[in-house]
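S.K.: coords please:
(one chain, ligands or ions: 1)
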Amino acid sequence: MSPTQPASPTGNETQEALLDRYADSLIPVFGRPQLVLERGDGPWVWDTDGKRYLDLVGGVAVNALGHNHPALVAAVSKQVAEMAHISNFFTSRAQVELAERILALAEAPDGSGVFFGNSGAEAIEAAIKLSRRTGRRHIVAAEGAFHGRTTGALALTHKAAYREPFAPLIPDVTHVPYNDADALRAAVTEETAAVFLEPVQGEAGAIVADAAYLRAAREITSAAGALLVIDEVQTGIGRTGDWFGHQESGIVPDAITVAKGLGGGLPIGALVTFGPDVTGLLTAGQHGSTFGGNPLVAAAALSVLTTIEADGILARVTAAGEHLASAVMALQHPDVVEVRGRGLLRAIVLTSDISAGVVAAAREAGFLVNPVAPNAVRLIPPLTITTDQLDLFVAALPDLITTAKERS
Ligand SMILES: *Cc1c(COP(=O)(O)O)cnc(C)c1O
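M.R.: Below is the predicted model:
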């Protein structure tokens, strides 16, 4: 294409041609995308060839209400027509209301606070900076943890392949086995600023923290004077069937990080600090974000929270997740070991490393799922998905496994 020629409209262009243009114009950190998608409706998406898929990835736990939910469309359309962005020299009704709603849903005590950024990693960055204000700098995180890709968050993320090309990262981070209270107790000292834990390790394959482990983490950090930061970026906003994944354990953390599902597809992240002592650690001028919590994303997030509440979605998530797990196990398929996870953050664990093949076969059959580990397929669909829609995938699963094994 000559530089003067405008890019052609996507209308009649093939998927492959667009993916070639992608390869020629984007930094290849994501590899070659699987598809070029064009539109969505509820749990369904269509590619540029008009082929329809049941979206069980949901934008990686982002599209909480599915695609193009009317409440989200209305809220965003209204707000963008009024004003989209104003900087943090000013505030908006939507921003204040959103902070209040998040504090109420998180059951945060008086004196708690919210900082808005634009992503999960930025929420973690804010939490790391918060932890430095304790005067300590040692951080403990879990093996298998995923906390994001920025240079601060990356130090807490466990996977060596993500971290090593960028070493050295921030110092004094210890990774301990997940769900092992004794290992945590041994690692946390009077020098520890904070412990970061996910209630369910999503990127590790939907591995659930025992409630007793989270309670032990609370006791251990309180005794050492360290902060307990719960990373709710993937588990928050109803994903587990509670508003936040840690709530089932009954603990009160010092801070939580929230992002993915909060904006229903618009980019937003938040650090929530619990109580005046923790909230007071960050003072005027110590942190900031140009876009963070602008009226457009705040209006989007408010519509997500309002819809989850009004439509009784938390109970539906719990029921749909349990239905999915029991329907998969009822197949009594010899290649399925178990279904891990909580709510609609689930992984189907297989006896062999065929998840990539299952995902490819699923895509051909019209289902989008995620190969979260070589032997595990993750499902993180919109929270609005119905059991009938989940059953379409369960019914197809035996054939998908057969196809994957034939090709491996
Ligand atoms: C996705 C994720 C992050 C990082 O969020 P980004 O928006 O990709 O920066 C952090 N923590 C957890 C638990 C996540 O799942």
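
S.K.: separation between the closest residue to the ligand within the stretch 1-150 of the chain and S77?
M.R.: Distances between the stretch 1-150 of the chain and the ligand by CB to the nearest ligand atom are smallest at G120, namely 2.2 Å. Bear in mind the C-beta positions are built from the backbone N, C-alpha and C, glycine included. G120 is 26 Å from S77, where distance means CB to CB, to the nearest Å.

S.K.: neighbour-wise, which of these two wins?
M.R.: G120 (30 against 11; other CB atoms under 10 Å).

S.K.: I'd guessed that one sits against G263; true?
M.R.: No - judged on CB atoms under 8 Å, G120 makes no contact with G263 at a distance of 11.2 Å.

S.K.: check contacts around the residue of the stretch 1-150 of the chain closest to the ligand.
M.R.: Counting by CB atoms under 8 Å, 6 or more residues apart in numbering, G120 touches H147, G148, A153, D231, V233, Q234, T257, A259, K260, G269.

S.K.: what pLDDT does it get?
M.R.: We have a pLDDT of 98 for G120.

S.K.: what does T14 give?
M.R.: pLDDT for T14: 89.

S.K.: and if you look at S408?
M.R.: Looking at S408, the pLDDT reads 89.

S.K.: phi, psi of the residue nearest to the spatial centre of the chain?
M.R.: Geometric centre of the chain, nearest residue: Q234, 2.6 Å, by CA atoms, centre = their mean. Main-chain dihedrals, Q234, degrees, to the nearest 10: phi -90, psi -30.

S.K.: Verify the stated contact: it with A204.
M.R.: No - using CB under 8 Å, Q234 is not in contact with A204, being 10.7 Å away.

S.K.: before we move on, back to that, relative to L19, which of the contacts of G120 is nearest.
M.R.: K260 (25.5 Å; CB to CB).

S.K.: what sits against T14?
M.R.: So T14 contacts T48, D49 (CB under 8 Å, 6+ apart).

S.K.: what about it, distance to D20?
M.R.: 9 Å.

S.K.: Would you map the helices across the stretch 101-250 of the chain?
M.R.: Here the stretch 101-250 of the chain has its helices, by DSSP state H, counting those that start in this stretch, at 120-132, 151-156, 160-163, 181-187, 211-224.

S.K.: Can you list the buried residues in the second one?
M.R.: Read it as helix 151-156. Residues of helix 151-156 classed as buried: G152, A153, L154, A155, L156 (neighbour count, 16 or more other CB atoms under 10 Å).

S.K.: So for the host helix or strand of L305, mean pLDDT?
M.R.: According to DSSP states H and E, L305 maps onto helix 295-310. Helix 295-310 carries an average pLDDT of 98.

S.K.: restrict the contacts of G120 to contacts with the ligand.
M.R.: Near the ligand, judged by CB under 6 Å from any ligand atom, the entries from those are H147, G148, D231, V233, Q234, A259, K260.

S.K.: low-confidence ranges in this protein?
M.R.: Within the chain, the segments meeting pLDDT under 70 span 1-12.

S.K.: can you rerun that using 50?
M.R.: Residue ranges of the chain with pLDDT under 50: 1-10.

S.K.: Show me which residues of it are close to the ligand?
M.R.: 119-121, 124, 146-148, 198, 202-203, 231, 233-234, 259-260.

S.K.: Share the number of residues neighbouring H287, please.
M.R.: Neighbours around H287, by other CB under 10 Å: 17.

S.K.: And what about it, helix, strand or coil?
M.R.: coil (DSSP: H, G, I helix; E, B strand; the rest coil).

S.K.: E203 contacts R149, doesn't it?
M.R.: No - at 11.1 Å, E203 does not count as touching R149 under the criterion of CB under 8 Å.

S.K.: what's A216 in contact with, if anything?
M.R.: Applying CB under 8 Å, 6+ apart to A216 gives the contacts A181, L184, R185.

S.K.: if we go to 10 Å?
M.R.: Contacts of A216 were listed using CB atoms under 10 Å, 6 or more residues apart in numbering, and they are N179, D180, A181, D182, L184, R185, D210, S249, I251.

S.K.: Same check on I86?
M.R.: Applying CB under 10 Å, 6+ apart to I86 gives the contacts S92, Q95, N294, P295, L296.
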